[in-house]
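Peer 1: would you be able to build a 3D model of this:
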Amino acid sequence: MFVRDESDDHLAAAFTERFGRRPEFIARAPGRVNLIGEHTDYNGGLVLPIAIDRQIRICFAPRDDQTINLLSSNFNQNASFSLELPLSKQNKYFWVNYVKGIADVLQRSRYQTRGFDGLVYGNIPIASGLSSSAALEVATVLAFIRLSGQSPLKPLEVAKLAQQAENEFVGVNCGLMDQFISASAIKGCALKISCDTMVFTPIEIPADLAIVVANTKLNRSLAGSAYNHRRAECEQALASIKSRLSNRFEIETMNDVSIEAVAAAQDFLPPSLFRRIKHVATENQRVAAAVEALADGDLSSLGQLFNASHNSLRDDYEVSSKGLDQVTSLMRATAGCYGARLTGAGFGGCAIAAVEASKVDRFISQLTQVSTALEPTPEVFLTRPVAGASVSEVR
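Peer 2: Now for the predicted structure:
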């Protein structure tokens with residue numbers, strides 16, 4: 001049962017057709033674009049994400065038992081599981097594991113859980129680096145909490161539960177950024193987040209700045225395993241730095257590793273580990289500089305920071321790909337572009353461009369035309385910063 005109209009009314013109608021009754025609630029959670037600050041969140045560093053105007057929605061209604069019945073309208077797949085049985089990953093439908101993971105974490109954290117029928121629909125490109133998984137996790141937390149009858153959780157609590165599910169159940173050792181921005185975003189703003197403390201500052205996006213996404217549609221099969229490997233490399237490098245440089249620098253987390261400490265570490269770190277920490281330290285500086293550029297309306301400087309970030313992710317963190325490099329080059333060569341970079345874990349997925357708002361329509365048209373030479377042809381679209389997740393009653 002595919003939903004071809006994205007309105008809430010059509011989702012509710014599809015739910016009714018599948019389950020024989022009207023849904024009572026809709027939980028919604030947006031995907032995200034990280035403007036700058038890549039692979040810094042799990043290192044306790046700075047990030048600057050926005051929530052985008054593409055989302056996951058779950059239409060749901062409570063059941064009188066402990067059964068979860070789900071329909072993915074995107075994949076036309078049905079799945080069921082019982083909350084009374086031990087929960088474990090299954091390989092048949094990957095998306096079910098995110099819902100199962102949330103149920104598992106809530107139960108182990110002593111939250112009340114209740115069975116429900118749910119229709120899941122999303123317009124976030126799957127496996128594209130725009131955090132469709134985090135959005136599904138956040139929306140699922142909201143659904144379970146709504147049915148439990150307890151007071152709504154704070155966005156940070158929602159995000160931590162969602163992250164725990166991805167770490168411990170799904171098996172991806174991600175940081176907290178994706179879940180946090182999905183739960184906490186402010187309309188019209190990016191959030192500058194210090195990932196060691198989760199203290200954030202809203203940063204208004206200027207009206208003359210447009211953010212354009214190019215989904216390369218390239219396979220990101222390496223992203224999960226390589227993501228965990230990069231995190232392990234950073235932990236290894238940090239341990240070595242702390243043991244060798246404690247007499248010169250006060251270092252507890254990667255966020256404390258200054259450019260000076262990076263330079264000193266070059267004497268004893270293997271070249272690959274040196275490049276990893278170099279990226280993290282310089283990327284933190286770029287996030288701080290990007291915040292200043294946005295505040296000053298200096299979009300040319302913002303674009304240069306985008307370019308430098310991508311180059312660092314390509315050369316020092318080694319998470320880009322031929323396809324991502326090609327599309328960012330095309331973006332940079334298209335009139336109206338200030339700068340472009342990959343966004344997300346890398347290897348495939350999406351790139352973003354900072355574009356002069358008055359030229360964005362022409363930019364998208366021209367980029368779409370020249371991108372037809374790439375295989376596969378990227379999907380190019382404009383996105384805007386929206387508010388974070390919510391749950392509402394179906395009228």
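
Peer 1: so which elements touch the helix or strand of the chain with the lowest mean pLDDT?
Peer 2: Comparing every helix and strand of the chain by mean pLDDT, DSSP states H and E singles out helix 223-245 as the least confident one, with a mean of 88. Here helix 223-245 is seen to pack against helix 259-265, helix 271-296 when contacts are counted using 3 or more Cβ pairs under 8 Å, 6 or more residues apart in numbering; DSSP states H and E. (Each C-beta comes from the backbone N, C-alpha and C, glycine too.)

Peer 1: number of nearby residues for residue 87?
Peer 2: Other residues lying near residue 87 total 20 when counted by other Cβ atoms under 10 Å.

Peer 1: distance of the closest residue to it other than its chain neighbours from residue 373?
Peer 2: In space, and not counting its chain neighbours, residue 87 is closest to residue 104: 4.4 Å by Cβ to Cβ, 6 or more residues apart in numbering. Separation of residue 104 from residue 373 (Cβ to Cβ, to the nearest Å): 46 Å.

Peer 1: and the closest residue to residue 114 other than its chain neighbours, what is it in contact with?
Peer 2: Distances taken as Cβ to Cβ, 6+ apart place residue 147 nearest to residue 114, at 4.5 Å, with adjacent residues excluded. With contact set as Cβ atoms under 8 Å, 6 or more residues apart in numbering, residue 147 has these partners: 60, 62, 114, 116.

Peer 1: pLDDT at the residue nearest to residue 87, what is it?
Peer 2: Predicted confidence (pLDDT) for residue 104: 97.

Peer 1: could you list the buried residues of the host helix or strand of it?
Peer 2: In this assignment (DSSP states H and E), residue 104 forms part of helix 96-108. Taking 16 or more other Cβ atoms under 10 Å as the basis for neighbour counts, the residues of helix 96-108 that come out buried are 96, 97, 98, 99, 100, 101, 102, 103, 104, 105, 106.

Peer 1: quick one on the thing from earlier: which of the contacts of residue 147 sit farthest apart?
Peer 2: Within the contacts of residue 147, 60 and 114 form the most distant pair, 10.4 Å apart (Cβ to Cβ).

Peer 1: quick check: angle from the least confident helix or strand of the chain to helix 271-296?
Peer 2: 100 degrees (axes from the mean of the first three to the mean of the last three Cα atoms, to 10 degrees).

Peer 1: off-centre distance for helix 223-245?
Peer 2: If you compare the mean C-alpha spot of helix 223-245 with that of the full chain, they lie 21 Å apart, counting by Cα atoms, centre = their mean, to the nearest Å.

Peer 1: so what's the residue nearest to residue 87 up against?
Peer 2: Counting by Cβ under 8 Å, 6+ apart, residue 104 touches 87, 165, 168, 169.

Peer 1: what's the spacing between the closest residue in space to the third one that isn't next to it in sequence and residue 391?
Peer 2: Setting aside the residues directly before and after it, residue 168 is nearest to residue 105 in space (Cβ to Cβ, 6+ apart), at 7.0 Å. As for residue 105, its distance to residue 391 is 18 Å (criterion: Cβ to Cβ).

Peer 1: residue 75 now?
Peer 2: 23 Å.

Peer 1: the two - which one has more neighbours?
Peer 2: Taking other Cβ under 10 Å, residue 75 and residue 391 do not tie; residue 391 has more neighbours (19 against 14).

Peer 1: tell me the secondary structure for that one?
Peer 2: Reducing the assignment to helix, strand or coil with DSSP: H, G, I helix; E, B strand; the rest coil, the entry for residue 391 is strand.

Peer 1: quick check, it in contact with residue 142.
Peer 2: Yes: counting by Cβ atoms under 8 Å, residue 142 is a contact partner of residue 391 at 4.5 Å.

Peer 1: give me the common contacts of these two.
Peer 2: Counting by Cβ under 8 Å, 6+ apart, the contacts common to residue 391 and residue 142 are residue 27.

Peer 1: which stretches of the stretch 151-300 of the chain have low pLDDT?
Peer 2: Within the stretch 151-300 of the chain, the stretches falling below the threshold (pLDDT under 70) are 220-225.

Peer 1: quick one: the helices in the stretch 51-200 of the chain, in order.
Peer 2: Along the stretch 51-200 of the chain, counting by DSSP state H, counting those that start in this stretch, helices occupy 96-108, 132-148, 155-165, 177-184.

Peer 1: let's verify residue 214: helix, strand, or coil?
Peer 2: strand.

Peer 1: is it correct that it is in contact with residue 353?
Peer 2: Yes: in this structure residue 214 lies within contact range of residue 353 using Cβ under 8 Å: 7.3 Å.

Peer 1: and for those two, which residues touch both?
Peer 2: Shared contacts of residue 214 and residue 353, counting by Cβ under 8 Å, 6+ apart, come down to 331, 367.

Peer 1: and the protein, what are its domains?
Peer 2: The domain map for the chain lists 8-204+386-393, 209-383, with the assignment taken from automatic domain parsing.

Peer 1: winner for burial among the ones you listed?
Peer 2: domain 8-204+386-393 (a mean of 21; mean count of other Cβ atoms under 10 Å).

Peer 1: ok now that one, how far from the chain's centre?
Peer 2: Taking Cα atoms, centre = their mean, the mean C-alpha location of domain 8-204+386-393 is offset from the chain mean by 11 Å.

Peer 1: skipping adjacent residues, who's closest to residue 40 in space?
Peer 2: Leaving aside its sequence neighbours, residue 40 sits nearest to residue 283 (Cβ to Cβ, 6+ apart; 5.3 Å).
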